[in-house]
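1. Kindly return the folded structure for what I paste below:
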Amino acid sequence: MHNVIERLEKKNRTTISNNQAISYSLVSSAHLPFSLRYDLIRNDLCLVVEENLDRELISSYIFDIIAYDGDNQTGRLHIYLNIDDINDSPPKFNQSTYTINNISENIPIGSIIIRVHATDDDEGINGEITYHLINQNNCFEIDSKTGDVRVRCLLDYEMKTIHRLEIEARDKGEGLKTDFCTLIIYLIDENDNYPIIDFYPNDIPIDANTLKLFLNESLPINSLILSLSIIDPDSGDNGRVTWSIDGSSLIPFHLIRLTENTGELRTNQLLDREYISEYFFAIEANDYGKPKSKTTRLNIHIDVLDDNDNKPKFQQENIHTTISEHVKIDNQHGYEVYHIKADDFDQDQNGEIVYSILNENNNLFQIDSQTGIIRSMVEFDRKQQDTYVLHVE
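-> Numbers count the residues shown, from 1 in each chain. Below you'll find the predicted structure:
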């Protein structure tokens, strides 16, 4: 390479005595990529570039040009030479891949998670750098001037555990130059989800987080009441769940865990509506999350339906009573002899009692089927018969 970067004015030889020839030399304490060349035709001295210049390595040179005549007289020209910059250096990230571990999924929006940095050896506008996200990402943004990467959405470990961003650094010089890096963000799970309790049949109405069931008291032991699915979307211990029944130990139900996430609620005793007509308890699911576990409760109200499993029972058996003879019957209903009573602990129609006289008595006596009141329908004469036996049901 031979480029003339400067023509130097030479003193008129006539000013030098004896018309002696002049020679020139470069003097510097460091290596110079230049040489001097005297053009006889133009009668001038040129500073010629002999090697490629690189402003980013050496931005200026300081040296002297010394002129000698035949009498060893010298002249010295002190030169300070600056190298102008061109946009020949691209930006360069200090890392090709940035990795961030353990970013909480609960990090607030607007938080800075990292600052990426690139350098450009050029100067001025050629060395000014701006930063840009290449791939569209609604959860992160980058400050074009500083390289700060900020969170701009609510992150969710359960939706996405790793985010990968491609970042570009651009200079502002003519024919802009670029560099690229990759930012990999690993989220860590927080215990931000409660256990979820699902049940089948799923058409059972639920009111104020209370499930109401109606069970017949004749259900056998080990009858299936509910099929359950209990999951926690979190991971690790945050998503590991234990189940239990929160209620009296006397309730006739128990939980059977079939798999990690499924189970059943079954009876483990016979029900008796006449003893206990309803039960209130809860299925409780607790995760093992830190620093504090989360708990979900499914409240259950079981109403025990009545079966006709109790016989009516008379309050007295083998009842003896007396009536007076020659009592005149002055109305069609006769007169009350005795009020017999029975109890039935069943409910509604199952507990309704109907009274009747089983044995034939020629309509001497009648019983009110609803109240159990026995009435005499005729005038009795002890001389004809002094004892009557009635079989009442």
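
2. Can you verify my assumption that residue 378 contacts residue 329?
-> Yes: the criterion here is CB atoms under 8 Å, and residue 378 meets it with residue 329 at 6.5 Å. Placement of C-beta: from N, CA and C, glycine included.

3. quick one, helices of the stretch 151-300 of the chain?
-> Taking DSSP state H, counting those that start in this stretch, the stretch 151-300 of the chain contains no helices at all.

4. nope, the stretch 1-150 of the chain is what I was after
-> Counting by DSSP H, counting those that start in this stretch, the stretch 1-150 of the chain contains no helices.

5. where does it have low pLDDT?
-> 1-20, 84-85 (pLDDT under 70).

6. switch the cut-off to 80
-> Within the stretch 1-150 of the chain, the ranges that satisfy pLDDT under 80 run 1-22, 38-43, 51, 53-57, 69-72, 83-88, 136.

7. Mind jotting down where the strands sit in it?
-> When secondary structure is read from DSSP state E, counting those that start in this stretch, the stretch 1-150 of the chain shows strands at 3-8, 23-27, 34-39, 44-49, 60-68, 74-82, 92-93, 97-104, 112-115, 118-119, 129-133, 140-142, 148-151.

8. Redo the ones you listed as TSV? Include distance to residue 208 and mean neighbour count.
-> Output for the strands of the stretch 1-150 of the chain, formatted as TSV (distance: least, CB to CB, whole Å; neighbours: other CB atoms under 10 Å):
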stretch	distance to residue 208	mean neighbour count
strand 3-8	90	12
strand 23-27	97	13
strand 34-39	92	15
strand 44-49	89	17
strand 60-68	82	15
strand 74-82	82	11
strand 92-93	57	18
strand 97-104	34	13
strand 112-115	42	14
strand 118-119	59	18
strand 129-133	47	18
strand 140-142	41	19
strand 148-151	37	18
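
9. export these to TSV and tack on distance to residue 221?
-> Formatted as TSV, the strands of the stretch 1-150 of the chain follow (distance: least, CB to CB, whole Å):
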stretch	distance to residue 221
strand 3-8	104
strand 23-27	111
strand 34-39	106
strand 44-49	103
strand 60-68	99
strand 74-82	100
strand 92-93	71
strand 97-104	49
strand 112-115	59
strand 118-119	74
strand 129-133	64
strand 140-142	59
strand 148-151	56
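
10. how much space between the closest residue to residue 252 other than its chain neighbours and residue 253?
-> Leaving aside its chain neighbours, residue 252 sits nearest to residue 269 (3.5 Å; criterion: CB to CB, 6 or more residues apart in numbering). Using CB to CB, to the nearest Å, we find residue 269 at a distance of 8 Å from residue 253.
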